[in-house]
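Engineer: model this:
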Amino acid sequence: MASAASQERASAITSIEAARLGCARRQARIPLAPWLPDEASPAAKAGPVGDRVVVLARSGLWQEVVNVPASQTWPMPEGMSFEEAAAFPVNYITAYMILFDFGNLRPNQSVLARSGLWQEVVNVPASQTWPMPEGMSFEEAAAFPVNYITAYMILFDFGNLRPNQSVLIHMAAGGVGTAAVQLCKTVENITVFGTASASKHDALKESGVAHPIDYRTMDYAEEIRKISPRGVDIVMDPLGGSDTSKGFHLLKPMGKLITYGVTNLITGQKRNLIAIAKTWWNQFSINALQLLHHNKAVCGYDLGNMDEEHELIGGVVMKLVNLYNQGKIKPKIDSVWPFEKVADAMRHMQEKKNVGKVILVPEVPKEESKKEEN
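Structural biologist: Got it, this is the predicted structure:
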């Protein structure tokens, strides 16, 4: 039974100070939380100050005073600072619901993460992890988040991919490229042009690339014009330099070019300052007035600069996991290498022999170790 004093407070209208998102203290006129059971409750321990009690709230941004519904406030734990309280509700509620409500995270569960490179152990913020789908291998999990999040957001969030459109995918046999090809197949009647060396064309055709183009022996822009004189609807550009300009001029009216890298800066085994300067000089540039007349769009994408977009990225991952569970997408693993052979793995990529993702693991793969034993 709640005491008379607590019941009286529960029915009173009181000014409540809340904290959220960097704004230290603000007031709201709301009823004192009626669900608090008795004097031993967290709020009772904190104790009212006159007609005030300190609470957490998830309403209000860059404001000193805000009206907050009682249902959106919770007593602050003892010892929590106002700055901690400001950072607490939205971030932790979001992470919790993604992991436990949507993701059904369980103790000792394996998760997907987009942090860590060439490491055995890495600390990852909970908001950047998602439960691994059942049946997914660790190698597939390593190839999944960055490649598929990038490809999905470029094609669907920026590109607004729709049935009967056409897409140019550079480096179509790489990690992002293979992810993009698979995602294009989830939409009806998409024509995919993909650049890759000639040795990879058979694999690309099997995966769904209608028109593989050897960028080393052909002008891909001319080859595309022969097949589609009006050009394409979307260009995925990880190259930069003059290739960005070529991609822009390949777009149909209302087409979109999404740039997400500058791999043209990398040439050969050693750093080439002349090549870097040439790529930088040839970097595509256009102003708003020119875009207006062309009826085209240019977008820039960098997943690494979206660490705070928990809800946005989490929503994309949930869609991708759903597609994986339906069997519509599956990471393409080219090869798996132990840490001791990292130089061989990099050489394999540099010589452009991979189709799909090259994975590094802390230990020698089981199949390889068995061969060595025999």
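
Engineer: spit out the contact partners of H170.
Structural biologist: Going by Cβ atoms under 8 Å, 6 or more residues apart in numbering, H170 touches 177, 194-195, 215, 236-239, 243. C-betas here are computed from N, CA, C, even on glycine.

Engineer: would you list these in CSV and tack on secondary structure and pLDDT?
Structural biologist: Shown next, in CSV, are the contacts of H170 (DSSP: H, G, I helix; E, B strand; the rest coil; pLDDT from 0 to 100):
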residue, secondary structure, pLDDT
G177, helix, 96
G194, strand, 97
T195, strand, 97
Y215, coil, 92
M236, strand, 98
D237, strand, 95
P238, coil, 94
L239, coil, 91
D243, helix, 91
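
Engineer: show me which of those is closest to A87.
Structural biologist: P238 (34.9 Å; Cβ to Cβ).

Engineer: identify the residues contacting the closest residue to the closest one other than its chain neighbours.
Structural biologist: Spatial nearest neighbour of P238, excluding adjacent residues (Cβ to Cβ, 6 or more residues apart in numbering): G261 at 3.6 Å. With contact taken as Cβ under 8 Å, 6+ apart, G261 is in contact with 237-240.

Engineer: just the contacts of H170 now: which is nearest V122?
Structural biologist: P238 (24.7 Å).

Engineer: quick check, the closest one in contact with I169.
Structural biologist: No: proximity of P238 to I169 does not meet the contact threshold set by Cβ atoms under 8 Å, at 9.4 Å.

Engineer: re the thing from before, closest one to I313 out of the contacts of G261, please.
Structural biologist: So of the contacts of G261, ranked by how close each gets to I313 (Cβ to Cβ), first place is P238, at 19.5 Å.

Engineer: secondary structure class for F193?
Structural biologist: At F193 the chain is in strand, as set by DSSP: H, G, I helix; E, B strand; the rest coil.

Engineer: surely it is in contact with H211?
Structural biologist: Yes: in this structure, F193 is within contact of H211 by Cβ under 8 Å, at 4.7 Å.

Engineer: residues shared between the contacts of these two?
Structural biologist: In contact with both F193 and H211: 223-224, 227, using Cβ under 8 Å, 6+ apart.

Engineer: can I get those residues in JSON lines with neighbour count, secondary structure and distance to M306?
Structural biologist: Shown next, in JSON lines, are the shared contacts of F193 and H211 (neighbours: other Cβ atoms under 10 Å; DSSP: H, G, I helix; E, B strand; the rest coil; distance: Cβ to Cβ, whole Å):
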{"residue": "E223", "neighbour count": "17", "secondary structure": "helix", "distance to M306": "34"}
{"residue": "I224", "neighbour count": "22", "secondary structure": "helix", "distance to M306": "31"}
{"residue": "I227", "neighbour count": "13", "secondary structure": "helix", "distance to M306": "35"}
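
Engineer: convert stretch 166-176 to CSV, retaining C-alpha atoms only.
Structural biologist: Provided in CSV are the C-alpha atoms of stretch 166-176 (Å, rounded to 0.1, in the frame of the first residue of the first chain):
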residue,chain,number,x,y,z
SER,A,166,19.5,0.5,-65.2
VAL,A,167,22.5,0.7,-62.9
LEU,A,168,26.3,1.0,-63.6
ILE,A,169,28.3,-0.8,-60.8
HIS,A,170,32.0,-0.2,-60.9
MET,A,171,34.2,-2.9,-59.4
ALA,A,172,31.2,-5.3,-59.7
ALA,A,173,33.2,-8.3,-58.5
GLY,A,174,34.3,-6.7,-55.2
GLY,A,175,32.6,-6.7,-51.8
VAL,A,176,30.2,-3.7,-52.3
